[in-house]
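A.B. asks: Sequence plus the predicted model coming up.
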Amino acid sequence: MAASIIRISQSQPFYKKPELAALKKPQAYFLSLPISSFSLKKARMVVVSATTAAEKAKKRYPGEAKGFVEEMRFVAMKLHTRDQAKEGENEPQGQPVAKWEPSVEGYLKFLVDSKLVYDTLESIVEKAAFPDYAEFRNTGLERSESLAKDLEWFKQQGYDIPQPSSPGVSYSQYLEELSEKDPQAFICHFYNTYFAHTAGGRMIGRKS
């Protein structure tokens, strides 16, 4: 096998003190190394490997480039059936849901219950029974104040504002209890509520 000769000693003596002058000067030693150890092919393989690793590190999740809502929506659609959403990936189970006709009264009930839920969520993160809850303060996603303005507008138009429904009150109480006993489960509800309403609101906004 061909070999390259590489000199590994210094060419100049490093002795400067007179008392060391009698010592034998360093000799030149040579080491035989196979040229194949430094082959260009292996060098190229190292560069390609590093490039691939860098590309993987920068790889984005589906929908990430369009924002966090689209990124979460991509995952959520995997759980939906086709009768729930046109992009759903699961087969419908049972009879299809009957067509729903919205009404102002029904929408007001939804707003009232939504405000109660958001009041509860914002109160929980403000009190922060667990320190991690404080990280969710002032995110810009708060809804209580805007919902209060929406309800006030309907009131000025002559509509009666209903009281929160039994399911709304029960869910609010459940969130309070969950936030004190099981922070991980509470965060799941927090995430789902904000995601569902944010994604749904954006979809309604595109159709208006």
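C.D. replies: Structure received.

A.B. asks: got the residue ranges for the helices in the chain?
C.D. replies: Using DSSP state H, the helices of the chain run over residues 40-57, 68-76, 104-127, 144-156, 166-181, 183-207.

A.B. asks: Turn those helices into TSV, columns for mean neighbour count, distance to residue 133 and mean pLDDT.
C.D. replies: Yep, even glycine has a C-beta here, placed from its N, CA and C like the rest. As requested, the helices of the chain are exported to TSV (neighbours: other Cβ atoms under 10 Å; distance: least, Cβ to Cβ, whole Å; pLDDT from 0 to 100):
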stretch	mean neighbour count	distance to residue 133	mean pLDDT
helix 40-57	9	31	49
helix 68-76	16	20	70
helix 104-127	17	5	95
helix 144-156	13	16	95
helix 166-181	15	7	96
helix 183-207	14	7	83
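
A.B. asks: Please name whichever of these is nearest to residue 137.
C.D. replies: Residue 137 sits nearest to helix 104-127 of all those, at 5.5 Å, using Cβ to Cβ.

A.B. asks: Quick one: residues in contact with that closest one.
C.D. replies: 133-134, 136-137, 142-144, 147-148, 150-151, 154, 159, 161-165, 167-169, 171-172, 175-176, 179, 186, 190, 193, 197 (Cβ atoms under 8 Å, 6 or more residues apart in numbering).

A.B. asks: swap the cut-off to 7 Å and go again
C.D. replies: Applying Cβ atoms under 7 Å, 6 or more residues apart in numbering, the contact partners of helix 104-127 are 133-134, 136-137, 142-144, 147-148, 150-151, 154, 159, 161-162, 164-165, 168, 171-172, 175-176, 179, 190, 193.

A.B. asks: what's the angle from that helix to helix 166-181?
C.D. replies: 10 degrees (axes from the mean of the first three to the mean of the last three Cα atoms, to 10 degrees).

A.B. asks: can you start the count at 51 instead of 1 from here on
C.D. replies: Done: numbering now begins at 51, and the last item shifts to helix 154-177.

A.B. asks: how about helix 154-177 as PDB, C-alpha atoms only?
C.D. replies: Extracted in PDB, the C-alpha atoms of helix 154-177 (Å, rounded to 0.1, in the frame of the first residue of the first chain):
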ATOM      1  CA  VAL A 154     -79.300  34.900  17.600                       C
ATOM      2  CA  GLU A 155     -80.600  33.500  20.900                       C
ATOM      3  CA  GLY A 156     -78.300  30.400  20.500                       C
ATOM      4  CA  TYR A 157     -75.300  32.600  19.600                       C
ATOM      5  CA  LEU A 158     -75.900  34.700  22.700                       C
ATOM      6  CA  LYS A 159     -75.900  31.600  24.900                       C
ATOM      7  CA  PHE A 160     -72.600  30.600  23.300                       C
ATOM      8  CA  LEU A 161     -71.100  34.000  24.000                       C
ATOM      9  CA  VAL A 162     -72.200  34.000  27.600                       C
ATOM     10  CA  ASP A 163     -70.900  30.500  28.300                       C
ATOM     11  CA  SER A 164     -67.700  31.300  26.400                       C
ATOM     12  CA  LYS A 165     -67.100  34.500  28.500                       C
ATOM     13  CA  LEU A 166     -67.600  32.500  31.700                       C
ATOM     14  CA  VAL A 167     -65.000  29.900  30.600                       C
ATOM     15  CA  TYR A 168     -62.500  32.500  29.500                       C
ATOM     16  CA  ASP A 169     -63.100  34.500  32.800                       C
ATOM     17  CA  THR A 170     -62.300  31.300  34.600                       C
ATOM     18  CA  LEU A 171     -59.200  30.500  32.600                       C
ATOM     19  CA  GLU A 172     -57.800  34.000  32.900                       C
ATOM     20  CA  SER A 173     -58.500  34.000  36.600                       C
ATOM     21  CA  ILE A 174     -56.700  30.700  37.100                       C
ATOM     22  CA  VAL A 175     -53.500  31.800  35.300                       C
ATOM     23  CA  GLU A 176     -53.600  35.100  37.200                       C
ATOM     24  CA  LYS A 177     -53.800  33.400  40.600                       C
END
